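Asks: sequence first, predicted model second:
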Amino acid sequence: MALLALLRSKNRCLEKFLSISAEFVSAHPAGVAEPDAIVKIQQERDRLLEVMSLHDRHINQEVAKLDSADRNVELKAGVETELKLREELVASILRADVALMSLIENSKNRLLREMAGEQKSKETLSRFKSQRGGTSGSGIDERL
């Protein structure tokens, strides 16, 4: 039946979504990632969310087409099985997202620290240049 095939296909998308998130977190054991890598996983996840949205529309269309004769015990059992799997996958995705959000937060904080360090270096260099600015260095030679 088309409805069960769509539900199974959506669950495969959820499995892929979970896999992408879990692999990303495990690929960054230090708990930080480069901004480009974070953007890439976001794009992959967004693409899968679009696909799942299409699945939802098709599932709703198939449910609307069902008449009472099609709603048999076999269909109900299959739908219940797929929905139970979906619930388990969503719970796993939520757990993986907690780790993913932690990794993104750590990456953001590292980037902010690096930017603050660079800003401090620029300020130090600027102060050094401004203190030296009026002299050509000849005064230093005379003092020595």
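Replies: The structure has been received and is ready for your questions. Residues are numbered from 1 along each chain as shown.

Asks: any weak-confidence spans in this structure?
Replies: Across the chain, the ranges flagged by pLDDT under 70 are 125, 130-144.

Asks: and with 90 instead?
Replies: Applying pLDDT under 90 to the chain flags the ranges 1, 29-33, 35, 66-73, 111-144.

Asks: that one: helices as residue ranges?
Replies: Taking DSSP state H as the criterion, the chain carries its helices at 2-26, 35-65, 73-132, 138-143.

Asks: among those helices, which is the most enclosed?
Replies: Highest mean neighbour count among these (mean count of other CB atoms under 10 Å): helix 2-26, with a mean of 17. C-betas here are computed from N, CA, C, even on glycine.

Asks: contacting residues around that one?
Replies: 33, 37, 41, 44-45, 48-49, 51-52, 55-56, 58-59, 62-63, 66, 75, 78-79, 82-83, 85-86, 89-90, 92-93, 96-97, 99-100, 103 (CB atoms under 8 Å, 6 or more residues apart in numbering).

Asks: stretch 47-65 now?
Replies: Outside stretch 47-65, the residues that reach it (CB under 8 Å, 6+ apart) are A2, L3, L6, L7, S9, K10, C13, L14, K16, F17, I20.

Asks: ok, now stretch 86-95?
Replies: Here stretch 86-95 has contacts from L7, K10, N11, L14, E15, F17, L18, S21, using CB under 8 Å, 6+ apart.

Asks: dump it to CSV, restricted to CA.
Replies: Output of stretch 86-95 as CSV, limited to C-alpha atoms (Å, rounded to 0.1, in the frame of the first residue of the first chain):
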residue,chain,number,x,y,z
ARG,A,86,9.2,7.1,14.0
GLU,A,87,8.8,8.0,17.7
GLU,A,88,12.0,6.1,18.5
LEU,A,89,13.9,7.8,15.7
VAL,A,90,12.7,11.3,16.8
ALA,A,91,13.7,10.6,20.4
SER,A,92,17.2,9.5,19.2
ILE,A,93,17.4,12.6,17.0
LEU,A,94,16.6,14.8,20.0
ARG,A,95,19.4,13.2,22.0
